[in-house]
Structures are given as C-alpha cells and as structure tokens.
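quick one, what's the 3D model for this:
(chains A and B)
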Amino acid sequence: MINFLNRNIYNGVKKYWIIINNEIQRQFAYRIGIAAYSFGNIAEVIVMVVLWSIVYRNIETIHGYTAKEMVSYLVFAWFFSFLTTTYAFEANIAKDIQTGALNNMLVKPISYLRYMATVATGRILIALLIVLIQDILIILLLRGRLIFSADVSKIVLLLAMLSVTYLFNVLFSIGIGFLAFWTTEISGIYYALKVLRNFLSGYYFPIVLLPVALVKINLFFPFVYTAYIPVQLYLGKISFAEGLRGLAIEILWLVALYVIIKIVWRFGLKKYESVGI
Amino acid sequence: MKKYIATIKIEWQRALTYRADTLGFRLGNFFEIMIQIVIWTAIFEKNSSIGGYSYPEMITYILIGWLISLLTANFGFEYTISRQIQQGELSNYTTKPFDYIKYIIALSIGRASTALAAAFLMNILLIALFSRYIIFSHSIFSWLIIISMILVGYFIKLFISVLTGFIAFWTIDISGVFYSVNLFSKFLAGNYFPLSLLPLIFVKFSFALPFIYTFYFPVQLYLGKLSITEGLRGLGIEIIWLGALYFLTRSLWKLGLKKYESVGI
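Residues are numbered from 1 along each chain as shown, chains lettered A, B, ... in the order given. Below is the predicted model of the structure:
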C-alpha cells in the first residue's frame, strides 16, 4: 500500500525533477548567460554604497534614516531582490511564443504554466547559489556599515516572504512574456513595467521618501511587499505582527496574479492558435 | 541611397504601429527620472550643497542630462540586433544588395526619430514642471558644442549597442550581458549621479571613455563647470571614439557573419 502511494508520488514529482535537472545542465553548458548578471550585481551595490556614503558626509538623517540605516536598507533590498529575481525570464516565454516553439509545449503532459515555472526555477538555481555566496561575501565586507539582526522568528518570516516574492516574480515574468501573444515589439513595455515595479517595491529607496498620499496608494499594490516590507521587517522598523499581515497580503496578491495569468493564458492561446502556425 | 531612406520610412510606420512599445520606453524613462528627483529632493531637504552641487544645479543635471541622454538613445537596439541574429532574420539582409551596417544605421535613425520626438516632448514637459529650479544657459558656444556632442554621441551609443547585440552570434542567454553593459554604460556616463562626486582619478579615467560624452560632460559644459576649450577637447576625444567604434563594428560584423553562416541557416 505504502509502496503504491510512494510510487505515485514519485512518478508525479519525477517529471518536475527532470525539468529542473535539464535546466541545471543547460546552465552548465551556457555559462555566460546568467554569470554576466554577477558583474552588474556587484557594481550596483558598490555604486550605491559609495554614493550614499558621500551624501551622508555632512548629514545625520534623511527622512528618519541614519547613514547606517539607509545603507542597510539599500544593501538588503539589493540582496533580497537578487535572491528573488527571474533573470529576465519573460524573454524565454516571449521567444517560445514568437518562434512557435510553444507548439511543442502544448502537447506535453504538463500544463505550460507549471512547466515554465519549473524551468524558471531550474534555471536560477545555479545563479542563486552563486549570488548567495557572492552577496554574503560582500555583505561581510561591508559589515561595518550595516545593521545585523539574528532574530530567528524574524528570519523565518523573512524566508517565507521571499519565497512568496519569488513565486510572484515568476508569475509576473510569465505575464509580461505573454504580451508576446499580441505584439512582437515588447522591449519597451518590459522596460516600463520593470522600472515601475522596482520603483513601487522600494528597491531604489525607502518608500517613505515619497509623499504620504503616494505611499498609502502604493500599499494597495503588490510590489511594496516584495522589497520594502521584508527589509523594514529585517531592520526592525515594522513589528512581527505587521510583517505577518504583509505576508498575508502578499499571498493574496499571489493568488490574484495566478488567476489573472490563467485568464491571460486562455485569451493568448486563442490568439496564438488562430494565427495557425 | 534610396533603399536606406525607404528603411527609415518603414521604421516610422512601425513606430506608429507599435505605439505601446514606444509609450513603454517613454514611461520607463519618466519613472527613472522621477526616481532620481525623489531621491535627490530628499537628500537636499536638509542640505544646501552636495559635492559642489546646489539643488537647482542637481535638478538641472538630472533633467538636461536626461534630455541629452534621450536624444542620443537608440532604445534597446541591441535587442533588435540579437533578435535578427537569433531568429535568422539576418539572412534577409545578407542575401540582398544591402550593406548591413548602413542598413542598421538607417534602421536606427528611423526608430530613433519617432522615439526622439516623444522623448523630447516628455522631457520638455518635465522641464516645464520643474522650471522653478532649472538653470538656463546663455552661452552659444556651449550650445554648439553640446549639439555636436549629441550628434556624435548618438552614433557612439548606436555602435556600442550593435557591438553588444553581436554577442548573439556567440551565445544564447544574452540578457545578462545586456544588463551589465547597460548598467556600466549608464554609470560611466553619469546617468545615476554626477561623477564629480567620485574621486578625481576616477573622473579623469571616465573622460578617456566614450560614455561620459552622452550625459555628464555636456551637462557640465552647460552648467559652466567646464570651459569651452575643455569642451572642444572632449568633442575631439568623442570623434576619435566614433572612428574606433565604427571600425570595431565592421570587424566584429565580419567575424560574426562567418560564425552565422557556418551554422547553416
């Protein structure tokens, strides 16, 4: 009986494992692709730290953030966002649609959405490992300028938030990629949505730097929960309870996004099939 | 010559057709500018001068700098090149009596002219919004040099984009390379903040590279922080870079084409 259950679960999970394994192998074959992000990754944080150190030379606080708090905010926002990025996965989706490779995917015994989400995950696993090691080294290098927190329950909540953020990012990427169902020129729209998302998520600066009204509106959108809220939790600027509330809202948005993607997929597929490739 | 003009006209039609794409770039630029303005406004709340810049000078740096940057931009041309290579569209042009390099220059001019018009309008709007803080320059010589720099700067950025796009001849996962190249180009151009905030050695080093002439250098000239003589010297270095990049583009094109044809499409 147990053997039977085990075998079914095993068979169910096996196909996902194969997909992930394939992606990992592909990463070893095409090493340059994601490695090139490392340069930008390190450069971004160094430029940020240098700039803000210069800015804070003669000032104590900016909007309630001391130099240490501001640098910590930016470094950890940077760290969290590289842990949860999909490395322009929307380009993969767009390519499948534009080149017609989607046809092959539709006949597989797995939904395209699940398949691509798994491919995305396999694709980033190696990069995640490298980024983790690289970024931790840099954080240790900068430890004099940063605030550290080792509160276990906070870290656990943080990990939960980042996991949800990752899933949100994957769905978001897929959604942007689906634009390829309707147009071939997507780079402009990618760019706008990316900058908007980074802006609203508090990646470039703590959201509180904005006028109060804008901050309030932003809290209704999902992006703020992908960077700003986790970092605020880490820095202790919001309580654990508020953090839990943030996680709950993030999960709600994740579900909403999933529903939206499913709907867009249905419409997009109709368009795709009507073109008759 | 006629076929290249036709190329430009087709691009105008395409830009009008793919309005969302053009609008996307405009919105993205708008948000990027607003992000910088928000950050610097917050920084200047309690300070009157940072790195030798007053608040009006900083706002002018951001808005005039971005205007110059947008006038020299090609809006993701590396994606166009890489797509042509990866999806085999390149074959269309190598089998026809087209000089590919001349073709892409015409293509980018066509693409850029419509985007330029939209970007110019957006930037003028922002300047009008912040007119209380902007410094207006009255030096005609500065303007002349700046306009020349913009012209040369457009082609420099174009060739850099093309060279970046050529990576597609040799690898598949290109977004990482594009991301890093864009980041470095913008940083070295002074897109993120005035390079004078950094140590002097670094600034001198950037003067030797082409990027700085599409943002930081012209704006410094505009703000009167560089003399006309220095401005002319900068223009000279820029023109040398133009020649070098053109030569590099032609050479890499030959190498890349060999690889492309050997794959047998």
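
and the residue of chain B closest to chain A?
B:Asp173 (2.3 Å; C-beta to the nearest C-beta). Yep, even glycine has a C-beta here, placed from its N, CA and C like the rest.

who in the stretch 101-250 of chain B is up against chain A?
B:171-177, B:179-180, B:183-184, B:187, B:192-193, B:197-198 (C-beta under 8 Å from any C-beta of the partner chain).

that older thread, okay, the residue of chain B closest to chain A and A:Glu23: tell me how far apart.
B:Asp173 sits 12 Å away from A:Glu23, taking C-beta to C-beta, to the nearest Å as the criterion.

which one's more surrounded, those two?
B:Asp173 (22 against 18; other C-beta atoms under 10 Å in any protein chain shown).

give the helix, strand or coil label for that one.
Put simply, B:Asp173 is coil when judged by DSSP: H, G, I helix; E, B strand; the rest coil.

run through the strands of chain A in chain order.
A:61-62, A:65-66 (DSSP state E).

in its sheet, what does the first one sit against?
The one in question is strand A:61-62. In the sheet, strand A:61-62 lines up against strand A:65-66 (antiparallel) (DSSP bridges).

quick one: distance of the strand it pairs with to the chain centre.
Chain-centre distance of strand A:65-66: 26 Å, with C-alpha atoms, centre = their mean, to the nearest Å.

now it: mean pLDDT?
Taken as a whole, strand A:65-66 has an average pLDDT of 86.

that older thread, out of the residues of the stretch 101-250 of chain B next to chain A, which one has the lowest pLDDT?
In terms of pLDDT, B:Asp173 ranks lowest among those, with 72.

how far away is it from A:Glu90?
Counting by C-beta to C-beta - B:Asp173 and A:Glu90 are separated by 14 Å.

would you format the strands of chain A as a markdown table with mean neighbour count included?
Formatted as a markdown table, the strands of chain A follow (neighbours: other C-beta atoms under 10 Å in any protein chain shown):
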| stretch | mean neighbour count |
| --- | --- |
| strand A:61-62 | 18 |
| strand A:65-66 | 18 |
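
dump the ones you listed to JSON lines, plus distance to B:Glu32.
Formatted as JSON lines, the strands of chain A follow (distance: least, C-beta to C-beta, whole Å):
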{"stretch": "strand A:61-62", "distance to B:Glu32": "20"}
{"stretch": "strand A:65-66", "distance to B:Glu32": "22"}
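
next, the residue nearest to B:Ser139 when sequence neighbours are not counted: phi, psi?
Closest residue to B:Ser139 apart from its sequence neighbours, by C-beta to C-beta, 6 or more residues apart in numbering or on different chains: B:Gly224 at 7.2 Å. Note on B:Gly224: its backbone torsions stand at phi 80, psi 10 [degrees, to the nearest 10].

now swap in B:Gly52 and tell me
phi 90, psi 0.

test my guess that it contacts B:Leu223.
No - under the criterion of C-beta atoms under 8 Å, B:Gly52 makes no contact with B:Leu223, lying 10.4 Å away.

and the closest residue to chain B within the stretch 101-250 of chain A, how many neighbours does it have?
Residue of the stretch 101-250 of chain A nearest chain B, by C-beta to the nearest C-beta: A:Gly188 (3.1 Å). Neighbourhood size, A:Gly188 [other C-beta under 10 Å]: 24.

gap between it and B:Ile81?
In terms of C-beta to C-beta, A:Gly188 sits 16 Å off from B:Ile81.

going by secondary structure, the nearest residue to A:Phe199 once chain neighbours are set aside is in what exactly?
Sequence neighbours aside, B:Phe31 is the residue nearest to A:Phe199 in space, at 5.2 Å (criterion: C-beta to C-beta, 6+ apart). Under the criterion of DSSP states H and E, B:Phe31 resides in helix B:19-43.

can you count the residues close to residue 44?
Chain wasn't specified; assuming chain A. That count, for A:Glu44 with other C-beta under 10 Å as the rule, works out to 19.

that was the other one, I meant chain B.
Neighbours of B:Phe44 (other C-beta under 10 Å): 20.

now it. Nearest residue, chain neighbours left out?
B:Tyr55 (4.4 Å).

which ones are touching B:Phe211?
Shown in contact with B:Phe211 (C-beta atoms under 8 Å, 6 or more residues apart in numbering or on different chains): B:184-186, B:188-189.

so A:Thr226 touches A:Leu83, yeah?
No - look at A:Thr226 against A:Leu83 with C-beta under 8 Å: they stay out of range, at 11.0 Å.

the more surrounded of these two?
A direct count of neighbours by other C-beta under 10 Å for A:Thr226 and A:Leu83 places A:Thr226 higher, at 28 against 17.

check what pLDDT that one gets.
So A:Thr226 comes in at 86 (pLDDT).

hmm, back to that, which one of the residues of the stretch 101-250 of chain B next to chain A has the most neighbours?
B:Ile174 leads those on contacts (other C-beta under 10 Å) with 26 neighbours.

any idea how far that one lies from B:Tyr100?
Distance check for B:Ile174 against B:Tyr100: by C-beta to C-beta, it reads 19 Å.

how many residues are close by residue 58?
In the absence of a named chain, chain A is used. Neighbour tally, A:Asn58, other C-beta under 10 Å: 10.

please go with chain B instead
Per other C-beta under 10 Å, the neighbour tally for B:Met58 reads 22.

what's the helix or strand for it?
helix B:55-71.

ok now that helix, how far from the chain's centre?
14 Å.

cool, stretch B:229-241 as well?
17 Å.

could you do stretch B:75-83 as well?
With C-alpha atoms, centre = their mean as the basis, stretch B:75-83 stands 13 Å off its chain's centre.

does any bit of that stretch sit next to chain A?
Yes - counting by C-beta under 8 Å from any C-beta, chain A has neighbours in stretch B:75-83: B:75-76, B:79.

what does stretch A:149-166 contact?
Residues contacting stretch A:149-166 (C-beta under 8 Å, 6+ apart): A:80, A:83-84, A:225-227, A:229-230, A:233-236, A:240, A:243-244, A:246-247, A:250-251, A:254.

in helices only, show me the residues you listed.
Counted as lying in helices by DSSP state H, out of these, are A:80, A:83, A:229-230, A:233-235, A:240, A:243-244, A:246-247, A:250-251, A:254.

got the contact list for B:Leu242?
By C-beta under 8 Å, 6+ apart, the contact set of B:Leu242 is B:152, B:155-156, B:159, B:210.

same thing but 6 Å
By C-beta atoms under 6 Å, 6 or more residues apart in numbering or on different chains, the contact list for B:Leu242 reads B:152, B:155-156.

name the member of the residues you listed with the most neighbours.
That'd be B:Ile156 among the contacts of B:Leu242, by other C-beta under 10 Å, with 23 neighbours.

tell me the SS of that residue?
Under three-state DSSP, B:Ile156 comes out as helix.

gap between it and B:Tyr79?
19 Å.

and if you look at B:Gly28?
In this view, B:Gly28 and B:Tyr79 are 14 Å apart by C-beta to C-beta.

ok, A:Met70 - how many residues close by?
Neighbours of A:Met70 using other C-beta under 10 Å come to 23.

and it, what does it touch?
Contact partners of A:Met70, counting by C-beta under 6 Å, 6+ apart, are A:Trp52.
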